[in-house]
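Asker: here's a sequence, model it:
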Amino acid sequence: MSPLGICVIGAGDLGTVHAQSWLTVPDVKLISVADPLTERSLRNRDRFGFQAACADHLEALDMPGIQVVSVAVPSSLHRQCSEAAMDRGYHVLCEKPIALSVEDARAMLATRDRTGVKLAVGFCKRFMGQVEKVAELVQEGAIGRPCMYRFVTGWERRPKLWIMDKDWGGGPVIDLCCHYIDQMRVIFGSDPVRVKAAGMTLSEGAEELPGVHPEIDTASFTVEYASGDVGALSLTWGLPRGVKTEQVEDLIGPEGAIKVDGVQQITLLQRSGAQVFADLGYDMYARQAQAFAGAIRQDSPVAASAEDGLLALRVSLAALESIRSGEAVAIEKSG
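Answerer: Sure, this is the predicted structure:
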């Protein structure tokens, strides 16, 4: 087995996580890391042992020995960086969301098909033991069907300013909710068919967001799945800095409920009593890198495909459309 040469584009929080995760994969070689903030690329070069640190992603991609590229940059740059890598014949693991527009996502799929490389989307929550166990319990009928997944949270305005901007990060309905839209699809074993949403922008003109044009930052919406199951999400990124609310995450059905406790435990509640499943694995980024490397080496399908990314994006965009129109929106099939 020859070493896989790795390039990581982005040396911020997630770029650092990707670099660290690649070190858990047998027989890899960290070739290059790129970030326009030179101090970040130099830091990660020295910390993880990359051969080169670059300010420009094209310079990093032109280093010899690369086969795999992690793209961990602001969402508006996903297409640009991913296509540059794929055009060079490299396999790409692109952070979620796949893009901010259907047009960009479809262009990425077309580049993948033209070049014959693999393109995976960073739906890391698929690799959480917690999500895997919930999916197992739901699909074996532990709480009955149909059921409802509920997620409620309230966060302060994000310190990463770009992530709240309409043109750079897309706000929480795209950036955060794509995780839960995809997660619910895995848990229910079914595709989304309709969205109904309401929302607002609490952070418009906020002093914490200088120069930012925030996307809708507060929303409540339901996603209906073909199975009859429903996902209900209610969240905000619009609270003042230093203010947050408690998070609630559970599933309810005709035969019981599943309570999500933190990130490594769930509790199954039935007539017969409660059953706790603890110490569920949380090494999701390492498992994601390992799975992608395995798909490349075995020439097998990736765990979370570009089509999966496009479908989640369509649901997020439908939720934003529903907020603006006041009407429910049907979900188009990916492709």
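Asker: helix, strand, or coil at residue 21?
Answerer: Per DSSP: H, G, I helix; E, B strand; the rest coil, the local secondary structure of residue 21 is helix.
Asker: pLDDT value on the residue in the chain sticking out farthest from the centre, please?
Answerer: Largest separation from the mean C-alpha position in the chain: residue 272, at 36.0 Å (CA atoms, centre = their mean). Here the pLDDT value assigned to residue 272 is 96.
Asker: could you measure from it over to residue 134?
Answerer: In this view, residue 272 and residue 134 are 19 Å apart by CB to CB, to the nearest Å. Where C-beta positions appear, they are placed from N, C-alpha and C, glycine not excepted.
Asker: got the contact list for residue 36?
Answerer: 55, 56 (CB atoms under 8 Å, 6 or more residues apart in numbering).
Asker: residue 66 too?
Answerer: Residues in contact with residue 66 (CB under 8 Å, 6+ apart) are 5, 6, 7, 31, 32, 88, 90.
Asker: from those, list just the buried residues.
Answerer: For these, a neighbour count by 16 or more other CB atoms under 10 Å gives the buried set as 5, 6, 7, 31, 32, 90.
Asker: state whether the first one is indeed within a strand.
Answerer: When you say that, I think you mean residue 5. Yes - counting by three-state DSSP, one finds residue 5 located in a strand.
Asker: and what about the nearest residue to it once chain neighbours are set aside, helix, strand or coil?
Answerer: With CB to CB, 6 or more residues apart in numbering as the criterion, residue 5 has its nearest non-adjacent residue at 4.0 Å, and that residue is residue 65. Under the three-state scheme (three-state DSSP), residue 65 adopts coil.
Asker: measure residue 65 to residue 117 for me?
Answerer: 16 Å.
Asker: ditto for residue 93
Answerer: Going from residue 93 to residue 117 by CB to CB gives 11 Å.
Asker: who's more crowded, the two?
Answerer: Neighbour comparison, residue 93 and residue 117: the larger count goes to residue 93, with 30 against 21 (by other CB atoms under 10 Å).
Asker: so after the helix or strand that one falls within, what's the next helix or strand?
Answerer: Using DSSP states H and E, residue 93 maps to strand 91-95. As assigned by DSSP H and E, the chain's next helix or strand after strand 91-95 is helix 102-115.
Asker: average pLDDT across that following helix?
Answerer: Mean predicted lDDT for helix 102-115 stands at 98.
Asker: show residues contacting that helix.
Answerer: Outside helix 102-115, the residues that touch it by CB under 8 Å, 6+ apart are 78-79, 82-83, 86-87, 89, 92, 94, 98-99, 118-119, 306-307, 309-310, 313-314, 317, 335.
Asker: only C-alpha atoms, please: export the helix or strand just after that helix in PDB.
Answerer: In the C-terminal direction, the helix or strand that comes right after helix 102-115 (DSSP H and E) is strand 119-122. Extracted C-alpha coordinates of strand 119-122, given in PDB (Å, rounded to 0.1, in the frame of the first residue of the first chain):
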ATOM      1  CA  LEU A 119     -15.800  13.800  -4.100                       C
ATOM      2  CA  ALA A 120     -17.000  13.400  -0.600                       C
ATOM      3  CA  VAL A 121     -18.800  15.900   1.600                       C
ATOM      4  CA  GLY A 122     -17.900  16.400   5.300                       C
END
